[in-house]
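**Q** With the sequence up front, the predicted model follows.
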Amino acid sequence: MKNKLLENRGLTLVELLITVAILGIMISFMFTFFHFNYDTFFRSATKYTTQTNLNEAIRIVEEELRFADRISIYDEKEFENNKNYIYIKDSGIKIKKANNERINLNIDDIVINVEESCFKLNKNLITMDIKVEYKSHDEEFRIKYTMELLNFNSDNDLQGSIIEYSEIKGDDTY
């Protein structure tokens with residue numbers, strides 16, 4: 001009579017190697033899946049943050065121009081100390097106020113193409129056409145944003161890279 005416990009030999013080497021190979025294949029698929037999802041999430045989070053910052057910069061420009069009572073647009077202009085300007089320079093949107101206050105609206109990880117970005121004025125609508133590129137993702141996109149000016153109406157269509165404006169306080173009832 002043989003003892004049945006002694007006859008149970010366990011796994012063979014071939015069975016062990018097949019199990020390890022199957023686990024390796026499953027883990028490599030899982031790693032690829034999780035890496036793809038992480039990379040996609042990281043890129044979308046970066047784009048969201050950058051576009052949110054760019055929208056904030058556009059909102060600040062809109063607040064500056066919304067109640068302007070005089071607007072001129074130029075391609076080149078010597079800045080005068082007693083006038084307000086919005087312009088694109090050094091990969092960012094700049095605001096120079098009459099009181100010599102300067103606001104730099106630079107956005108992290110974004111380069112604004114100065115040659116292909118401009119401002120357009122048509123009646124009481126001003127359009128910002130801005131071409132930007134992500135430094136880290138090597139991607140380009142164009143943003144066109146049109147806002148309505150409440151205290152200004154022009155008969156001429158103007159286009160350029162520098163906005164000169166004077167502002168008055170608008171209606172704060174809404």
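**A** Received, thanks. Everything quoted here is computed from the prediction, not taken from an experiment.
**Q** packing partners for the helix or strand harbouring Tyr165?
**A** Element membership for Tyr165, per DSSP states H and E: strand 162-167. For strand 162-167, the packing partners by 3 or more C-beta pairs under 8 Å, 6 or more residues apart in numbering; DSSP states H and E come out as helix 13-65, strand 68-74, strand 84-89. Every residue, glycine included, has its C-beta placed from N, CA and C.
**Q** What angle do strand 84-89 and that strand make with each other?
**A** Relative orientation of strand 162-167 versus strand 84-89 (axes from the mean of the first three to the mean of the last three C-alpha atoms, to 10 degrees): 160 degrees.
**Q** now what about strand 162-167, what contacts it?
**A** 64-65, 67-77, 83-87, 119, 126 (C-beta atoms under 8 Å, 6 or more residues apart in numbering).
**Q** In PyMOL, how would I select just the buried ones from these?
**A** Filtering those down to the buried ones (16 or more other C-beta atoms under 10 Å) takes a single PyMOL command:
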select buried, resi 64+65+67+68+71+72+73+74+77+84+85+86+87+119+126
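**Q** that's a strand at Gly133, yeah?
**A** Quick fix: residue 133 is Glu, not Gly. Yes - going by DSSP: H, G, I helix; E, B strand; the rest coil, the assignment for Glu133 places it inside a strand.
**Q** and the closest residue to it other than its chain neighbours, which of the three is it?
**A** Computed as C-beta to C-beta, 6 or more residues apart in numbering, the closest residue to Glu133 that is not its neighbour in sequence is Glu140, at 4.4 Å. Secondary structure, three-state DSSP: Glu140 is strand.
**Q** so who does Glu140 touch?
**A** By C-beta under 8 Å, 6+ apart, the contact list for Glu140 reads 131-134.
**Q** So the most centrally placed residue in the chain versus Asp90, what's the distance?
**A** Centroid-nearest residue in the chain: Gln51, 2.8 Å away (criterion: C-alpha atoms, centre = their mean). According to C-beta to C-beta, to the nearest Å, Gln51 and Asp90 sit 20 Å apart.
**Q** Ile58 too?
**A** Applying C-beta to C-beta to Ile58 and Asp90 gives a distance of 18 Å.
**Q** more neighbours, these two?
**A** More neighbours surround Ile58 than the other of Ile58 and Asp90, with 17 against 11 (other C-beta atoms under 10 Å).
**Q** quick one, phi/psi of the residue nearest to Asp157 when sequence neighbours are not counted?
**A** In this structure, Asp157 finds its nearest non-sequential neighbour in Asn122, 5.2 Å apart by C-beta to C-beta, 6+ apart. Taking degrees, to the nearest 10, you get phi -140, psi 110 for the backbone angles of Asn122.
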